[in-house]
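Trainee: no sequence for this one, just the structure:
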Ligand SMILES: O=c1[nH]c(=O)c2[nH]c(=O)[nH]c2[nH]1
């Protein structure tokens, strides 16, 4: 044989599952996209085509829907853990499962006179997506959670000056600029073993999201790099459950429009919001002593 099989995995990607809990007239909704990748004793199917070790991807999809019915979806992480455990412990030929979940948030449509909103009518909550990746090898868990598409803007308290210049540098120093970005973040939990209780996934998510927002808003920014570091450090330092966080922050440049041709001044009034190109600032923030395990390219988590 002149070739050998390398890393391989298979499963069903992007099973969309919407679970509605009917609590009398008040309904609750969970909307997920679940992607399952299994690996293990799969040489034969690649070399000879024997499917004797292969649980169909169709079954993986069915399991997602059946588990949503049987167990409900307490949180994306808990649902992913249940699925990963199931595939690894129930199938002799499956040694590792990776479950990736995207969760789309729905809010209740306002109801006149009701503080809580309508009982069964919802509106999608922006572009923000909660994500998690569950990996289980039968012994050790790795839980990486995060979000993407969280769009934020500071209309002041941002500068960029004192940078390196060479013969191609034309950028003017900015002493009061708009700072805008779409936050993409992944954080890795310290929890790796069934011997320890699972963290409060929803509570940890809320704390991390709020920590990033408060750090973004509260940092007088000398660069997006500095703001990024503050955002990551806040998530790690404000709890004891997260050892590592990686952020990917596009710098959505806002350029002051030259209104002089119209006889108008424009100190800090009217901006052109460029969609591209954009600066892209990415970094990992680690708890002291922690290992960096989140990949540099966040599209890979
Ligand atoms: O916050 C910033 N960081 C940079 O590295 C950079 N580079 C640039 O042109 N503008 C900015 N802004």
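Mentor: Ah, there it is. Every value quoted in this text rests on a predicted model; they were computed, and no experiment measured them.
Trainee: residues of the protein that sit close to the ligand?
Mentor: Residues of the chain lying near the ligand by C-beta under 6 Å from any ligand atom: 160, 171, 223, 224, 225, 251, 279. From N, CA and C alone the C-beta is placed, and that goes for glycine too.
Trainee: burial measure for the first one, as a count.
Mentor: Burial of residue 160, expressed as a neighbour count using other C-beta atoms under 10 Å, amounts to 19.
Trainee: could you identify the most distant pair in the residues of the chain next to the ligand?
Mentor: The span of these, defined through C-beta to C-beta, is set by 171 and 225 at 15.3 Å.
Trainee: between those two, who's got more neighbours?
Mentor: Between residue 171 and residue 225, counted using other C-beta under 10 Å, residue 225 has the larger neighbour count: 16 against 10.
Trainee: secondary structure element for residue 145?
Mentor: Applying DSSP states H and E as the criterion places residue 145 in strand 141-154.
Trainee: what does residue 38 give?
Mentor: Assessed by DSSP H and E, residue 38 sits inside strand 26-40.
Trainee: touching the next helix or strand after that strand from outside, list them.
Mentor: Sequence-wise, the next helix or strand downstream of strand 26-40 (DSSP H and E) is helix 43-47. With C-beta atoms under 8 Å, 6 or more residues apart in numbering as the test, helix 43-47 has contacts from 5, 8, 50, 51, 52, 53, 54.
Trainee: again, 6 Å this time
Mentor: With C-beta atoms under 6 Å, 6 or more residues apart in numbering as the test, helix 43-47 has contacts from 5, 50, 51, 54.
Trainee: next step: the residues of the chain next to the ligand restricted to strands.
Mentor: 251, 279 (DSSP state E).
Trainee: which of the residues of the chain next to the ligand lies closest to residue 182?
Mentor: Nearest to residue 182 among these is residue 251, at 10.2 Å by C-beta to C-beta.
Trainee: what's around the residue nearest to that closest one when sequence neighbours are not counted, how many residues?
Mentor: The shortest distance from residue 251 to any non-neighbouring residue, by C-beta to C-beta, 6 or more residues apart in numbering, is to residue 279 (3.5 Å). When counting by other C-beta under 10 Å, one arrives at 14 neighbours for residue 279.
Trainee: residue 279 reaches residue 249, doesn't it?
Mentor: No. Using C-beta atoms under 6 Å as the test, residue 279 is too far from residue 249 to be in contact (8.6 Å).
Trainee: circling back to that earlier point, after the strand holding residue 145, next one along is what?
Mentor: strand 179-189.
Trainee: what about the longest helix in the chain?
Mentor: As assigned by DSSP state H, the longest helix anywhere in the chain is helix 201-218.
Trainee: returning to that earlier point: out of the contacts of helix 43-47, which end up buried?
Mentor: residue 54 (16 or more other C-beta atoms under 10 Å).
Trainee: and of the contacts of helix 43-47, the nearest to the ligand?
Mentor: For the contacts of helix 43-47, the residue nearest the ligand by C-beta to the nearest ligand atom is residue 5; the value is 42.9 Å.
Trainee: roughly how far does the closest residue to that closest one other than its chain neighbours sit from residue 10?
Mentor: Spatial nearest neighbour of residue 5, excluding adjacent residues (C-beta to C-beta, 6+ apart): residue 46 at 5.0 Å. Residue 46 sits 10 Å away from residue 10, going by C-beta to C-beta, to the nearest Å.
Trainee: of these two, who's got more company?
Mentor: Counting neighbours by other C-beta under 10 Å for residue 46 and for residue 10 shows that residue 10 has the greater number, 17 against 13.
Trainee: look up how far residue 138 lies from that one.
Mentor: 18 Å.
Trainee: the spatially closest residue to residue 57 that is not a sequence neighbour: neighbouring residues, count only.
Mentor: Among residues not flanking residue 57 along the chain, residue 12 sits closest, at 4.3 Å (C-beta to C-beta, 6+ apart). The number of residues packed near residue 12 is 19, by other C-beta under 10 Å.
Trainee: list the contacts for residue 12?
Mentor: Contacts of residue 12 by C-beta under 6 Å, 6+ apart are 36, 57, 60, 61.
Trainee: ok and the helix or strand containing the last one relative to strand 26-40, angle-wise?
Mentor: In this case it means residue 61. Using DSSP H and E, residue 61 sits within helix 57-71. In terms of direction (axes from the mean of the first three to the mean of the last three C-alpha atoms, to 10 degrees), helix 57-71 departs from strand 26-40 by 140 degrees.
Trainee: start at 27, not 1
Mentor: Happy to do that; since the first residue is 27 now, the last one works out to helix 83-97.
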